[in-house]
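Novice: please find the sequence and the predicted model below.
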Amino acid sequence: MIQRFYPKRFELAAFTVHLGFEDFHPQPIQNYCESLEVPYEVISTQIQDIVFQHKKSSHPCSLCAKLRKGALNEAALRHGCNKVAYGHHRDDLIETMLLSLFFEGRFHSFSPKTYWERSGLTLIRPLIYASEAEINSFQNKYQFPTVKNPCPADGHTKRQYVKNMLWTLQKEHPAIKDRLFTAIQSASFDDWPECFS
């Protein structure tokens, strides 16, 4: 929809990184992209074998994320893309900050926009101001297709622990996520409003 009125012309391509789990079926996403006439590619990998069989990592999420990003960026470059959009939302930003604070001892989260000089790609996170609840409501209202994550670590991670903790805190203190989001903006990104320019 943005393409209809945005002053700068741009093209879209969609990608799904297939981690190698047999019970992962992205066909609904492919069908949806075809209905929008957006080119779509499933990037086949054996990341699940690397993470769970060869490395047998006790912290599989970090290694998996690095390998997924590498596969996605390679595909984006192959297709001539200059920007990669991740789906991180406001809750992801807050959870990442708390994970860094609790488990690394530093106040840190990701930026809305990052330029990778080595590849020439720019990473953008256009959903950074939207909450997970807003995105879920939007998805339900418009019946966007979703695909279940078959990863055995899903729901059993430090991120899930922080997500559950935040849910409890938000029930007791309804403004807490807003305050954490504001704290991240003021502490980490002095140029936050210009990040998307």
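Specialist: Structure received. No experiment lies behind these values; they were computed from the predicted model shown.
Novice: pull the longest helix from the protein.
Specialist: Looking across the chain with DSSP state H, the single longest helix is helix 60-78.
Novice: name the helices or strands packed onto that one?
Specialist: The contact analysis (3 or more Cβ pairs under 8 Å, 6 or more residues apart in numbering; DSSP states H and E) places helix 60-78 against strand 14-18, strand 40-44, helix 47-49, strand 83-85, strand 121-124. Backbone N, C-alpha and C define where each C-beta goes, glycine included.
Novice: so which of those gets nearest residue 55?
Specialist: helix 47-49 (9.4 Å; Cβ to Cβ).
Novice: returning to what we had before: give the buried residues for the longest helix of the chain.
Specialist: 60, 64, 67, 71-73, 75-76 (16 or more other Cβ atoms under 10 Å).
Novice: reformat the residues you listed as a markdown table; add pLDDT.
Specialist: Converted to a markdown table, the buried residues of helix 60-78 look like this (pLDDT from 0 to 100):
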| residue | pLDDT |
| --- | --- |
| 60 | 85 |
| 64 | 92 |
| 67 | 95 |
| 71 | 97 |
| 72 | 97 |
| 73 | 96 |
| 75 | 96 |
| 76 | 97 |
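Novice: out of the residues you listed, who's nearest residue 47?
Specialist: Taking the buried residues of helix 60-78 together and measuring to residue 47 by Cβ to Cβ, the closest member is residue 67, at 4.7 Å.
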